[in-house]
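Participant: with the input below, show me the fold.
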Amino acid sequence: MVHALVLTHRHLLHLIRIPGLALWSTAQPILFLLLFDFMFSGVISRDTGDYIDFLVPGVVVQFLALTVFTTAVGVHADLCAGIVDRFRSLPIARSAVLSGRILSDAIRCAVNIVVLLAAGALLGFRFSTGVVPIVGAFLLAIAFGVALAWAGAWIGLTARSPEAVQSVGSIWVVPLTFLSSVFVPTRTVPGWLQTVVKVNPLTDVADALRALTLGGPTTGPVLASLAWTTGVLVTFSALAVRRYRRLE
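Facilitator: This next block holds a predicted model:
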C-alpha cells in the first residue's frame, strides 16, 4: 500500500508540473456544460424543467467516461518511455504500478467533479436532496470513474501506439455518451433508439446521480449502476493485471 501511495504521489506531481494536462481535463467538461446549457436549454427545458439541473449530473458522467482517455494515455506513455520497466526493476510491490495510477485518477476525478459542480452552481444548479444521498452520488461517481480507469489502464497496456490508444477509446466512449440520457431524457429519443439508450450503462449512472441529487426513484437506477460498476471493475482490472504480468 505504501508503494502504491508513493506512485500516486508521483502521478499527482506530474499533473502539477504539467498544468496543461489538469487544465484540459477540467476545462473540457465545463465547456460541454456551457455549450449544451446555452445552446439547448431553451428547447430541452420543455421536457426536463430546469435543464441545468438535468445537465450537470449528465456532464459528470460524460467526464467519467472521458477518464478512459486520460488513464490510457498516461499508462501508455509510461510504458513507451520505459518507466514501467524501471518500476518493475525496483523492490516494490508489483501491484503498486497499476494501483498507484488508478488511485491518482480517482483523486483527480474527485477534484474535477467538485470543480464541475461549482461551475454548475454558478449556472443555477441546486441539490434537492439531503446530505446522505448527495454523498452517495459522489461516491457512486468516483466508483464508476475508478472502474472506467481500469478499462483505460487495460487499453494503455494493450495498444501499440498513441494513435491506437485514441482510436480504441473513441470507438466506444463517443457512441455510449451520445446514445444515452447524459444530455437528453430517454423519452425524447426516437422509439427505435430508446431500447439502446435504456441498456446503456451511462444512462443508468446518469439517472442514478440525478435521483440521488435531485430526487425521484433511486433503487432501480442505483442498483443498475452498482451492477455495471462492479462488472466493469472486475472485468477490466483482471484484464489489466493479466496484461501487465505478460509484460514481464
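
Participant: can you pull the contacts of the residue nearest to the spatial centre of the chain?
Facilitator: Closest residue to the average C-alpha location of the chain: L64 at 1.5 Å, with Cα atoms, centre = their mean. Counting by Cβ atoms under 8 Å, 6 or more residues apart in numbering, L64 touches C109, A141, F144, G145, L148, V205. Every residue, glycine included, has its C-beta placed from N, CA and C.

Participant: for the first one, give its distance to I142.
Facilitator: Read that as C109. 6 Å (Cβ to Cβ, to the nearest Å).

Participant: just the fifth one next, same as before
Facilitator: When distances are taken as Cβ to Cβ, L148 and I142 turn out to be 11 Å apart.

Participant: the two: who's more crowded?
Facilitator: For L148 versus I142, neighbours defined as other Cβ atoms under 10 Å are more numerous around L148 (27 against 17).

Participant: that one is in contact with F63, isn't it?
Facilitator: No - applying Cβ atoms under 8 Å, one finds L148 not in contact with F63, separated by 10.3 Å.

Participant: now the strands: where do they sit in the protein?
Facilitator: For the chain, strands defined by DSSP state E do not occur.

Participant: so where is it shaky, pLDDT-wise?
Facilitator: Within the chain, the ranges that satisfy pLDDT under 70 run 1-25, 41-49, 81, 83-85, 87-96, 169-170, 247-248.

Participant: run the last query once more with 50
Facilitator: Counting by pLDDT under 50, the chain shows no low-confidence range.

Participant: got phi/psi on G216?
Facilitator: phi 120, psi 180 (degrees, to the nearest 10).

Participant: please report how far it lies from R210.
Facilitator: 7 Å.

Participant: compare these two and say which is more crowded by neighbours.
Facilitator: For G216 and R210, the more surrounded residue by other Cβ under 10 Å is R210, and the numbers stand at 26 against 12.

Participant: now that one: how far from V173?
Facilitator: For R210, the distance to V173 - Cβ to Cβ - is 21 Å.

Participant: what of A151?
Facilitator: Counting by Cβ to Cβ - A151 and V173 are separated by 10 Å.

Participant: can you list residues touching both of those two?
Facilitator: With Cβ under 8 Å, 6+ apart, A151 and V173 have common neighbours V68.

Participant: top of the contacts of L64 by neighbour count?
Facilitator: V205 (33 neighbours).

Participant: for the closest residue to that residue other than its chain neighbours, what are its contacts?
Facilitator: The shortest distance from V205 to any non-neighbouring residue, by Cβ to Cβ, 6 or more residues apart in numbering, is to S225 (4.7 Å). Going by Cβ under 8 Å, 6+ apart, S225 touches L140, F144, P201, D204, V205, A208.
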